[in-house]
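[1] Kindly return the folded structure for what I paste below:
(2 chains)
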Protein chains: 2
Amino acid sequence: MAKWIWKFGECEIYHSLMLHDRRQQYGYPEPVVWKMYAPEPVVVFQKKVTTEGGVFHIRACGHISTTVQTGQAPWEVKKYGGRTEILLEAGTATVQIRVSNLKTFPCLYVDGIIESDESWEADDLSMNFAPVGVSSLFTDKEKTPELFPFSYQPISYIKKEKLEKGVLFDYGKETFAAVRLFHLTGKTVRVNFGESRQEALDDEWSVIHFVREPKEGELSYAPCAFRYLYVSDESAEVEAQYEYLPLEYKGSFRCEDELVNRVWSVAAYTFHLNSREFFLDGIKRDRWVWSADAYQSLFVNRYLFFDPEIEKRTLIALGGKAPFKRHINTIMDYTFFWIMGIMEYYRTYGDRKFVRQMLPQMKEVMAFCESRESADGFMREKPGDWIFIDWAPMDKEGALCGEQILYARALECYGDLWEMALSEEGTQPGEMQPREAVPEQTAETAMAMDTDMAMDAGMGIKIAKVYRQKARRLYELIQERFYDKEKEVFIDSYESGRRNVTRHSNILAYLFLPCSEKQKKDIYEKVILNEEVRQITTPYFKFYENQVHCLEGNAELLEESIRSYYGSMLETGATTLYEEYDPSMTGVEHYAMYGNPYEKSLCHAWSASPIYLLGAFRLGVQNTGVAYETFDVRPNPGDLKSFDGKVPVPGGAVRVCVNEKEIRVCSDIPGGTLWVQGKAFRLEAGKETVVKNC
Amino acid sequence: MAKWIWKFGECEIYHSLMLHDRRQQYGYPEPVVWKMYAPEPVVVFQKKVTTEGGVFHIRACGHISTTVQTGQAPWEVKKYGGRTEILLEAGTATVQIRVSNLKTFPCLYVDGIIESDESWEADDLSMNFAPVGVSSLFTDKEKTPELFPFSYQPISYIKKEKLEKGVLFDYGKETFAAVRLFHLTGKTVRVNFGESRQEALDDEWSVIHFVREPKEGELSYAPCAFRYLYVSDESAEVEAQYEYLPLEYKGSFRCEDELVNRVWSVAAYTFHLNSREFFLDGIKRDRWVWSADAYQSLFVNRYLFFDPEIEKRTLIALGGKAPFKRHINTIMDYTFFWIMGIMEYYRTYGDRKFVRQMLPQMKEVMAFCESRESADGFMREKPGDWIFIDWAPMDKEGALCGEQILYARALECYGDLWEMALSEEGTQPGEMQPREAVPEQTAETAMAMDTDMAMDAGMGIKIAKVYRQKARRLYELIQERFYDKEKEVFIDSYESGRRNVTRHSNILAYLFLPCSEKQKKDIYEKVILNEEVRQITTPYFKFYENQVHCLEGNAELLEESIRSYYGSMLETGATTLYEEYDPSMTGVEHYAMYGNPYEKSLCHAWSASPIYLLGAFRLGVQNTGVAYETFDVRPNPGDLKSFDGKVPVPGGAVRVCVNEKEIRVCSDIPGGTLWVQGKAFRLEAGKETVVKNC
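    Predicted structure coming up:
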C-alpha cells in the first residue's frame, strides 16, 4: 500500500520545530530555550524496482525532479524533471525522485505501477541513503504529513457568566481547543485563557492572553489549553473545537474505591491531553517535549494507549540531529533518559528496525557524552549543562551520584541496543550469554570505526561489549565513591565532603544501579521509610519512589498515596492532575509556580503515573522479555478488596479480575505466567485462568 | 551605528537556500542536485554592556524573548518576554535576546541606549557563542536581511515583432528582469524566455517557459534571464524591471583596439549579471553557486568591483555547515578551490576576522577531506565524488594528478590560514620564518585538539606547521609519482599505466605545484605550445592556460586569443559571453550543450576572465603581499600600442597609462613598485610616476 515517505526523522523534526514555536506567554510568543533542528531542505528518494512497465504518479510536498536509471552508464538515465505522471518501461530500473521543500519538509507519495513505502531509501544528498520514515498516520494521499492529523470535536461551555467588563465562559474541565469568538462589538478585545477561574480573570498574569482587533466581529485562536475563557466583550459568543489525537484507551482499571477510580480516569484524561504529536510535559504553559517527562510517559502509555507511534515520534524529536552539541533540553540527566527510553521502547515493542534507524543519532549523542567525560569516567557539569535530577535541594558539588547512575545505565542500554538492533535473531538485551571472543576494544576505538562501519551483527556485539564493560566499570566506581559505608546508603557527592543523603540518589541507585539485596533493604529502611530524610515533593520523582515502595511489597502505600495526594488534589476542583501539589496550600496558592501566580501546569503528564503503577503493581502485568514474549501477572490488591482491569499487550490485552475469593486472568497472547502466593500458573492464550485468592 | 546582526553564516545560508531553489527547467522548478543546509531556527544573541541606563528597542525577524542578567545568581536576571521596548538600568548587564524564526532566519536589530553591531555574539543554543555576522548591505532598520536588496530599473524592448500566434519582444541584449505582462486576452498564455531568438520561439526546448492563466489580463514572473521574450498572445504588452546589484565599476581598461575594448565591456556586463547574492555560474540556466567558477570570479572581481562583500557571501554559502559529508557541489576539486579561495580572499583584503569566523567550517571540511584520504595521502574517488577538473577527456583511473595538486595546495592554504587568522600581527602567510620550536604534530593530533582548543596564535602556528608539512609531503609524492622522467611533464594517472598527458595536469602543476624552472619550461614547451596535445575548449580552463602564457611572457597570445575567441563570439551576436564557444559552429549550433538545444549558458561568469588577465598582465597590477601592502605594476603592452586603465586596490586605485613613448602610473596607496625593463621604480601614493617606454 502506498504511503507518504520522508527521510527518516524529518517529519518528527519538522513537527517538533513547529510545536516548540507555539508557546505563548503573557501576550507574546516565547521561543524555545534549547537547540532546535531544522529539516533538510532537499532530499532524494530512491528505489530499485522491477516491473512489467506502466505508469506511476508522484505527489510531493515540494518541487520534484525524477530520473530513471536503467543501467550503469550516464546515458542510461532518463530525466523527467517536474512531471508527475511517468511511464516506466518494463524491466529493472532505479527511480530517483529529488524533492526540495523550503517551507515544511520534503515528503513523497508515489502510486501506480510502483508505490512509495518503507522499502524506499532517502538521502539528503550526503550519500547516506537509509530506509525512509513512514507512519500509520500518513497513508492517505490527500493528507500530507505537513499537517498533523488531529481530530476535532465541538465542545460547549457549561456556564456563561456576565461580568462588569466582559464574559467568563466555563467549560467545566480543562480542555485543549481552538476558539472562535463572534458577535464581538469592541474595537479591541482581550481574551484570557485560564486553567483556573482566577487565572482567566487576571489580565496581567494569565499565562495565555491576547489583545486583538476583531474582524467583522470575529476572532479566532490557535488551539490552547483552558477551562475558563474570559472575553472583554459583553456580547461575545464562542465556539470551541476540542483538538486531540484519537488514541484508543486500551488499558483500564476499576476497583471498589471510587476515589481511586476517579484518579485513574482523571489521570487518563490528563495523559491524553498531553499525548499529541509527542508526549508533552503539560498542556498549557510550554507544551514542549522534555526527555525525562517523556521517559515516564512511555510507562504510562504502555498501560493506557500502548501506542508505539507516539513513542517513536517522541524519541526521534528528542534525539535531534547532528551535530549534537548540547544535552537534550540542556539537561544532562535527560540525555541519559533518552537512551534508556529507546531501550524501554525496544523492550516493549521488539522493534529492531526502529532502533537500527536510531543508531546514527544515538552514536552522535553518545560521542557527545563521551567527549565530556572526566578522566575518571564520571560526568561533571560543563558550561551549558543543567544538572537537574529533580526540583529539590541536593549536593551538586563535583560529580553528582544520580547523574553517574543514569550515565552508567545509559551506557549499558546503548551497548545492548547496538547488539539488539544488529542481531539477526531474538536475543535478550543485556544477557551475558557466552559469545565468540572479540578483540579487546576501548570505547574510543569502537567510535573510530564509524567511517566504514559494517552494520552487521558482529559489529553490534563488539560495540555492545565495549559499552557494557564501560558501564560495569562505572557501576563499580559509583559503589566505590558514592556508597557511604557508615551510613550504608548512597550520598549525593563525595567531592564536597558533606556526605549528604537524599532520597533521589538512593532511589536511582535502587532502581538503576546493580545493588546487593542488603543495599536495597538499607536504602528502603534508612532512606525511603526515614521521615527525617526530606520528602519527595514532585510527582515526577514520586513516580520512582512509588516504584520502590511497590517493589518492596509495601502494598498499602500506593493507594494511600493516591488518595491523599491525588484525592485531595481533586478536592481543590482539579479536573486534570497538577504538575505539583502541596495539600497544605489553599485557594489560589495551588496555581503558583516558578515565582508567578499561574505558572503551575494544572494538567501535567508526569502526574498520570497512577495509570502505570496500578497496571504494573495492582493488576501486576509486567513484560519480562522483549515485546511480551514472556510476561508476569502478579496481582496485588494493596489495600483494595477487588479490582478489574486490562493491560494492553502486543496483539491484545491481559484482563485481570481480583476479588476476595478468586483471581481470574485472561490473556489474548501466550507467554504469560500468573503468580499467586509464590506459585506460578502458566497462562494459555485466550483461556481464562482462575486461581483461588487466599 | 546599529545594524542587523545574525549568527555568522546564517544570512548567506538562507539566501543560498532560496537561490538554489529558483531554477526553472522546461516548465518546472528544478531542485538543486547537491546538499543544501538550512538556517538555525532559534538563535540567542548577547552582549555584555555598561550604560548609564536608558531605553533600547528591539526589531527582529522572528519571535523574541529578552533577558537582562545583572549578576551571576539566577535571581539577578530580568525577563522581558516579547517586549520590544526595554528600559535598561544603569550599570553592567548581559543582554540576551533569543530569536526564533521558522520561515527565514533569526536576525536582530537593536537601537537606543545599546545597539546591535559586530560586537555582539550569537549561538544556536549549542553554547558556541561567536561573533555575529553583519553586512554593509543590511544597516537600514526598515529593510530586513530576509530580502536581498537588489536595485531595479525599468527597461524597454527595442523591437516588438508580431508573429502568427503571438508576439516576440527583443530587449537588444541579455538581461535579468522581472516581467509583467498586461493587456492579455488569452485564457492561458505561454511565455518563453530566450537568450536567443530561436530559444524564445521554441515551445519545447526553451529552458525557461511558463504556461499560465492570466488574472485580469495580467501575468507576472519572478526575475529571470532573457534577451527575447515570446508571448503567445498577440495583444500582449510588457513591462520589465532589470534586477541587479548596484556594484561600482572600479576597474577599467581601454586600448586602441576597439574589439578588445568591446570584449572588456561585454565581459564586465557578463560578470555583473552573474554577481548577485553570490557569484553565479550563469544567469539563465541553473543560477547556482559553483565553487571553482566562484574561485575564478574572485580574480575577476578583484579587477572590476573589488567588492569583498560578495566574496565573503559566496565563500560562506559554498562552505555550508556541519555535518559536512559530501564535497562542495559534489565535486572533489571544488572543495579544494574553496579553501584556496579563502586564502585568495585573505591575501586580497587582509581580513583576519573573516578567516577566524570561517575556521570552524574550514575545520569541518578539512576533517571530511582527511577522512577520505588513501593510505598514501592521495585523494581517490569515493562513492558520491565527482572527479571533474574540466569538461575534457583525461585519464581518471586511480589518483588523478590534478586533484592531488589541488589537495596539496589546499592543505598548505589551510595551514597558512590558521596561522594568519590567529596571529596578532601581520605576517605573510606561507612564509617559513624561524619560529619557536613546537612539538612534532600529526594532522590527527591537531584535529584531536579541537574540544578544548585555545584559539590563540600558538595554536595557529602549530596547526599551520602540521598542514604545511603535510602539503610538502604530498608535493613530493606528486613529483615522485606523476612526473614522467622520459616525457619530462606530468601525467594524469600513474596507476592506469597509460601515462596520458593533458594540458590540465600540467597547467595545474605549473600554477600550483612547486616546480623547478626547468619543469615549468618543459611544461610550457612540451605541452602548452604543443599542438598535438588536445586543446583546452572551455573558457573555464582557458583562465588557467592564459595565466601560464602570460607568466611565460608570451605577450601576444592574450590579445590574439581574445580577438579570435571572444571577438568571433561577439560576431555571432553575443551580447554577453558564452559558457563555451567553438568558432567552427554556425547558427543555432552555438546554443546547444549537455545534449539539449539551448542549454548552453550565453552569459557565463567564467568567460569574464579577460577583465582579470588584462588587469593583471597588461596593466600589470598584482598584489604581492597581503591587502596590497606591497604590489607590483608590470605593464606589458602585448601586441597593443597603447592602453589606459585602472585597477582597484584597498582605499583607491592604481591608474596605468601606456603608450609607445611612456608609461605613467599613479597609485592612491603606497607600497607599489613599477617594473620597466627589469628596473624597479618605487611608487609614491598620489604621485604620478612617468617612465620612458623604450
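[2] and stretch A:43-53, does that touch chain B?
    No. Residues of stretch A:43-53 contacting chain B under Cβ under 8 Å from any Cβ of the partner chain: none, with a closest distance of 8.7 Å. (Glycine included, C-beta is placed from N, CA and C.)
[3] how many other residues sit next to A:Gly595?
    Using other Cβ atoms under 10 Å in any protein chain shown, A:Gly595 has 8 other residues around it.
[4] tell me the contacts of it?
    A:Gly595 makes contact with no residue, according to Cβ atoms under 8 Å, 6 or more residues apart in numbering or on different chains.
[5] Can you give the distance of stretch A:317-328 from its chain's centre?
    Centre-to-centre, stretch A:317-328 and its host chain are 16 Å apart (Cα atoms, centre = their mean, to the nearest Å).
[6] Can you get me the start-to-end distance on that stretch?
    10 Å (Cα to Cα, to the nearest Å).
[7] Residues touching that stretch, excluding its own?
    Residues contacting stretch A:317-328 (Cβ under 8 Å, 6+ apart): A:9, A:12-13, A:15-16, A:34-35, A:37, A:277-278, A:289, A:291, A:294, A:329, A:334-335, A:338, A:341, A:358, A:360-362, A:364-365, A:367-368, A:384-386, B:125-128, B:322-323.
[8] how much space is there between A:Val665 and chain B?
    50 Å (Cβ to the nearest Cβ, to the nearest Å).
[9] could you say what helices and strands the helix or strand hosting that residue packs with?
    Per DSSP states H and E, A:Val665 falls inside strand A:662-667. Under the contact criterion of 3 or more Cβ pairs under 8 Å, 6 or more residues apart in numbering or on different chains; DSSP states H and E, strand A:662-667 touches strand A:652-658, strand A:672-676, strand A:688-692.
[10] can we see that at 7 Å?
    Using 3 or more Cβ pairs under 7 Å, 6 or more residues apart in numbering or on different chains; DSSP states H and E, the elements in contact with strand A:662-667 are strand A:652-658, strand A:688-692.
[11] Deepest-packed of those, please.
    strand A:652-658 (a mean of 21; mean count of other Cβ atoms under 10 Å in any protein chain shown).
[12] returning to that earlier point: in PyMOL, select just the buried ones from the contacts of stretch A:317-328.
    Restricted to buried positions by 16 or more other Cβ atoms under 10 Å in any protein chain shown, the PyMOL selection for the contacts of stretch A:317-328 reads:
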select buried, (chain A and resi 9+12+13+15+16+34+35+37+277+278+289+291+294+329+334+335+338+341+358+360+361+362+364+365+367+368+385) or (chain B and resi 125+322+323)
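[13] got a pLDDT number for the closest residue in space to A:Phe541 that isn't next to it in sequence?
    What sits nearest to A:Phe541 in space, not counting adjacent residues and going by Cβ to Cβ, 6 or more residues apart in numbering or on different chains, is A:Asp390, at 4.7 Å. What the model reports for A:Asp390 is a pLDDT of 97.
[14] tell me which element A:Asp390 is part of?
    Using DSSP H and E, no helix or strand contains A:Asp390.
[15] need the longest strand for chain A.
    Counting residues, the longest strand in chain A under DSSP state E turns out to be strand A:167-182.
[16] Next SSE downstream of that strand?
    That would be, after strand A:167-182 and using DSSP H and E, strand A:189-194.
[17] close enough to count as contact, the residue nearest to A:Phe541 and A:Thr537?
    No. Applying Cβ atoms under 7 Å, one finds A:Asp390 not in contact with A:Thr537, separated by 8.5 Å.
[18] Go ahead and flag the most central residue of chain A.
    Closest residue to the average C-alpha location of chain A: A:Ala294 at 3.1 Å, with Cα atoms, centre = their mean.
[19] quick one, what contacts that residue?
    A:Phe279, A:Thr314, A:Leu318, A:Gly341 (Cβ atoms under 7 Å, 6 or more residues apart in numbering or on different chains).
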